[in-house]
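Engineer: One predicted model, sequence on top.
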Amino acid sequence: DEAPSLAELQAELASVLDAFPFESEVIFVDDESTDDGRLVVGLLAAEDPRVRLLVLSPHAGQSAALEAGFRAARGEIVATLDADLQNDPADLPELVAALAEADCVCGVRVERKDRWSARFVSWIANGVRRRVLGDGIADIGCSLRVMRRSSLERLKLFRGAHRFLPVLLALEGARIVERPVRHRPRRHGSSNYGVWMRLRVVWADLLGVAWLARRVARYEVKELSRRA
């Protein structure tokens, strides 16, 4: 339900992608929106062949939408960002450049433009998560990320896994770094997530990820002999 933002988002993305020295694509994932977003993306695709539209049915949530995008992506570098225009596509080149030393580059929102209640709850949630998981990630709620496709191939995202994506990647051996990114006020509509709903849902998922992290088997394999 971000139809009013989509044309602006695509225009900003096109401006950034045109400057990259490699081919690119833009995948919009529609998770049973109730507005005319599909029509808008269809018109954008008619103007720019890089635009693709995936439609989920039935409604499956943000984790499923991300996973569908990951599976459909054809490039070696995969970037994610929300469609509400709060993430600035102009930050993508710096994040892509940082892949030289990492497998996943996470944005850290500077001077967030959300309501004070959302910032406060995010501050608490980030602190609790870091204490439980010991992951050291400053802003796991920032959706602006750039990742190597090879790091995503082994992931199977459960419902709610999008909130812990960098942690799950790290459990698979991915190198995680962070970079500051801009954050902008929402221009259209309102957030689809309630503040207190996030806390209720995230707690159970956090305990599940903590259990998983403690059960990961870590080992090295050396082949001592091999028949010619």
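Structural biologist: Noted; the coordinates are in hand.

Engineer: For this protein, just list every one of the strands.
Structural biologist: Ranges of strands in the chain, per DSSP state E, are 26-30, 51-55, 77-80, 104-109, 145-148, 176-181.

Engineer: Throw these into a markdown table and include mean neighbour count and distance to F70, thanks.
Structural biologist: For the C-beta atoms, the positions are set from N, CA and C on the backbone; glycine is no exception. Shown next, in a markdown table, are these (neighbours: other C-beta atoms under 10 Å; distance: least, C-beta to C-beta, whole Å):
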| stretch | mean neighbour count | distance to F70 |
| --- | --- | --- |
| strand 26-30 | 21 | 9 |
| strand 51-55 | 16 | 11 |
| strand 77-80 | 20 | 6 |
| strand 104-109 | 23 | 12 |
| strand 145-148 | 23 | 9 |
| strand 176-181 | 18 | 17 |
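
Engineer: and S225, which of those is closest to it?
Structural biologist: Smallest distance to S225 across these (C-beta to C-beta): 32.7 Å, for strand 145-148.

Engineer: which strands and helices sit next to that closest one?
Structural biologist: Applying 3 or more C-beta pairs under 8 Å, 6 or more residues apart in numbering; DSSP states H and E, one finds that strand 145-148 makes contact with strand 77-80, helix 92-98, strand 104-109, helix 165-171.

Engineer: Serialize the ones you listed to a markdown table and add fields for distance to V209.
Structural biologist: Converted to a markdown table, the helices and strands packed on strand 145-148 look like this (distance: least, C-beta to C-beta, whole Å):
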| stretch | distance to V209 |
| --- | --- |
| strand 77-80 | 19 |
| helix 92-98 | 24 |
| strand 104-109 | 16 |
| helix 165-171 | 6 |
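
Engineer: Need these in TSV (columns: mean pLDDT and distance to T34).
Structural biologist: Output for those, formatted as TSV (pLDDT from 0 to 100; distance: least, C-beta to C-beta, whole Å):
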stretch	mean pLDDT	distance to T34
strand 77-80	98	23
helix 92-98	98	29
strand 104-109	96	28
helix 165-171	93	26
